[in-house]
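Q: Provided below are the primary sequence and the corresponding predicted coordinates.
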Amino acid sequence: MSSPNEQEHREYWTRQLELGHGMVEELFAYPVEECGEGFASLPDAVAAAGVEMLFSDSKIGRAMNERGWILKIEEGYRSLEMQGMLVRKPEVFDAIVRKCVWECGGSTPPSELVFRRAMVMVANRPKIGTHMSGSAIDISVFDRDSGVELDRGGPYLEISEKTPMRSPFISEAALRNRLEITKVMEAHGFMHFPYEFWHYNKGDAGDHILNNRPGPARYGPVNWNPATNEVTVVENPEEPLNPLPVIEREIAAALGRLDG
C-alpha cells in the first residue's frame, strides 16, 4: 500500500502529465506558417560578443554573467532522426517507463499510457517538438565563481514529479533559482514550458499559446541543411516518430532492463 506522501506525489505527477498532454493537443492543433528562416550559430554569437559562458546567446549570457551565473545550452535544434532516437534512448525511455510503472502502483503500464507520457516528455511527433523547429533550448546554469551548477531541484532531464517548473516537491531555494533563471530568459523573449524546468522556446506554437499571441506561429518543424543553412518544412509533421508498435517493443525492452 502506498504511503499518503507517495500517493500525493503520484497524484501530482499524473495531474501534471495530463495537463501537459492537454497542452500537447493545443500545440498539435495550432496553426504554423513556417517563415523559412535559417539558423544562427550560437558559438559564433558568443565569440563575437566576448561573453563568458559555456554555450549561449550573447544577450542572455551577459544578463546571466551580471548575476554571477554562466549559462550552458544543453540542447538546441534536433533533427527528426535525433528526436526519434531520443524517445528510444534507454536512459530516457526507461525513466518514462519506470514512472509509468510507479504511476500504475507497480503494475505493468498500458502501452497507450507510455505512448501518452512519452508524447509530453520527449515529443514523439514533429508538430509538437519545438526542438525540431530550432526554436527551443534546454539549459543549465552554473555559479560563475565556484563552477557548481545552481540547484534547481534536479539535474537536466530529471523525469519525476520534480520536473514541472513549480513543483511543490523541491526546496524553496531550488524554486527561487528556477524562477530567477526564468525571469532572465523571459526578459529576452523566451517563454518557459511549464512541465520541464529546463526548457524554453520562442516564436513557435508554444510561445503563442502560453503568451496569448495572435496569429500563426512562424516556426514549425523543419529539416535543416547545415551546408547551405536552408530549412524545409517537415512533411506530415503530425505522424509519430515512433508509432505505437515501436513504443510497445521499446516498453518490453525497458521492462526487461528494469527487471534485470
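A: In hand now; what should we look at?
Q: so where's the stretch 51-200 of the chain shaky on pLDDT?
A: Applying pLDDT under 70 to the stretch 51-200 of the chain flags residues 52-61.
Q: which residue ranges of it form helices?
A: Assigned by DSSP state H, counting those that start in this stretch, the stretch 51-200 of the chain shows helices spanning 58-66, 80-88, 90-103, 111-122, 172-187.
Q: wait, which of the ones you listed is closest to Tyr156?
A: Comparison of the helices of the stretch 51-200 of the chain against Tyr156 by C-beta to C-beta identifies helix 90-103 as nearest, at 11.6 Å. C-beta: built from backbone N, CA, C; applies to glycine.
Q: show me where the protein has its strands.
A: The residue ranges that make up the strands of the chain, judged by DSSP state E, are 69-75, 136-143, 191-192, 199-201, 222-225, 230-233.
Q: mind putting these into CSV with mean neighbour count and distance to Ile251?
A: Below are the strands of the chain laid out as CSV (neighbours: other C-beta atoms under 10 Å; distance: least, C-beta to C-beta, whole Å):
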stretch, mean neighbour count, distance to Ile251
strand 69-75, 20, 24
strand 136-143, 21, 25
strand 191-192, 22, 30
strand 199-201, 24, 24
strand 222-225, 17, 29
strand 230-233, 15, 32
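Q: mind putting the ones you listed into JSON lines with distance to Arg166?
A: What follows is those, written out as JSON lines (distance: least, C-beta to C-beta, whole Å):
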{"stretch": "strand 69-75", "distance to Arg166": "21"}
{"stretch": "strand 136-143", "distance to Arg166": "17"}
{"stretch": "strand 191-192", "distance to Arg166": "10"}
{"stretch": "strand 199-201", "distance to Arg166": "14"}
{"stretch": "strand 222-225", "distance to Arg166": "31"}
{"stretch": "strand 230-233", "distance to Arg166": "34"}
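Q: who wins for proximity to Tyr30 among these?
A: So among the strands of the chain, strand 199-201 is nearest, using C-beta to C-beta, at 12.8 Å.
Q: report pLDDT for Ala205.
A: Ala205 is assigned 96 on the pLDDT scale.
Q: right, and it touches Leu27 too?
A: Yes - contact status for Ala205 versus Leu27: in contact at 4.9 Å, counting by C-beta atoms under 8 Å.
Q: of the strands of the chain, which is nearest Pro214?
A: With C-beta to C-beta as the measure, strand 191-192 is the member of these nearest Pro214 (15.2 Å).
Q: pull the distance from that closest one to the chain's centre.
A: How far strand 191-192 lies from its chain's middle: 11 Å, per C-alpha atoms, centre = their mean, to the nearest Å.
Q: before we move on, what about stretch 75-86?
A: For stretch 75-86, the distance to the chain centre is 12 Å (C-alpha atoms, centre = their mean).
Q: buried sites along that stretch?
A: With burial defined by 16 or more other C-beta atoms under 10 Å, the residues of stretch 75-86 counted as buried are Glu75, Tyr77, Arg78, Ser79, Leu80, Gln83, Gly84, Leu86.
Q: let's have these in JSON lines, adding distance to Cys100.
A: Putting the buried residues of stretch 75-86 into JSON lines (distance: C-beta to C-beta, whole Å) gives the following:
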{"residue": "Glu75", "distance to Cys100": "23"}
{"residue": "Tyr77", "distance to Cys100": "29"}
{"residue": "Arg78", "distance to Cys100": "23"}
{"residue": "Ser79", "distance to Cys100": "27"}
{"residue": "Leu80", "distance to Cys100": "24"}
{"residue": "Gln83", "distance to Cys100": "20"}
{"residue": "Gly84", "distance to Cys100": "20"}
{"residue": "Leu86", "distance to Cys100": "17"}
